[in-house]
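Visitor: sequence and predicted model, in that order:
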Amino acid sequence: MAEASMVVEVAYALPHKQKIISLSVPVGTSMLQAARLSNIQAHFPELDVEACPMGIFGKAVAKPDERILQSGERVELYRPLLADPKEVRKQRAAKAKEAKEE
């Protein structure tokens, strides 16, 4: 008898290029396994699937190797932040203070 399968998506985006790959995986597949099976690295060679933070529909998942997917879910691979949010807020506050003093 054939192994039961389900359809999931794996997504990754850069500012100038996005890719969503739909694939059929066996029931019981983890997020990390789906990312590997998608072969998304072929589209983004610089992407390290093993170390990349992941989430499902915008919610981060701490242990993608343990999170089992459900049919229809989308695994999202996240890029690292370019700037520390705290530093950006500090800079914005300093600019606002300067503008107020003028």
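Guide: That came in fine, so what should we check first? Residues are numbered from 1 along each chain as shown.
Visitor: so which bits of stretch 35-54 are buried?
Guide: Neighbour counts over stretch 35-54 (16 or more other C-beta atoms under 10 Å) mark 35, 37, 38, 40, 44, 47, 49, 52, 54 as buried. C-beta here means a position set from N, CA and C on the backbone, and glycine is covered the same way.
Visitor: against residue 81, how distant is the second one?
Guide: I take that to be residue 37. Counting by C-beta to C-beta, to the nearest Å, the gap from residue 37 to residue 81 is 27 Å.
Visitor: for the first one, same thing?
Guide: Using C-beta to C-beta, we find residue 35 at a distance of 20 Å from residue 81.
Visitor: cool, the fourth one as well?
Guide: Between residue 40 and residue 81 the distance, using C-beta to C-beta, works out to 20 Å.
Visitor: ok, the spatially most central residue of the chain - contacts?
Guide: Nearest to the centroid of the C-alpha atoms of the chain, with distances taken as C-alpha atoms, centre = their mean, sits residue 77, at 2.0 Å. Residue 77 sits next to 10, 11, 12, 35, 40, 47, 49, 52, 53, 54 when contact means C-beta atoms under 8 Å, 6 or more residues apart in numbering.
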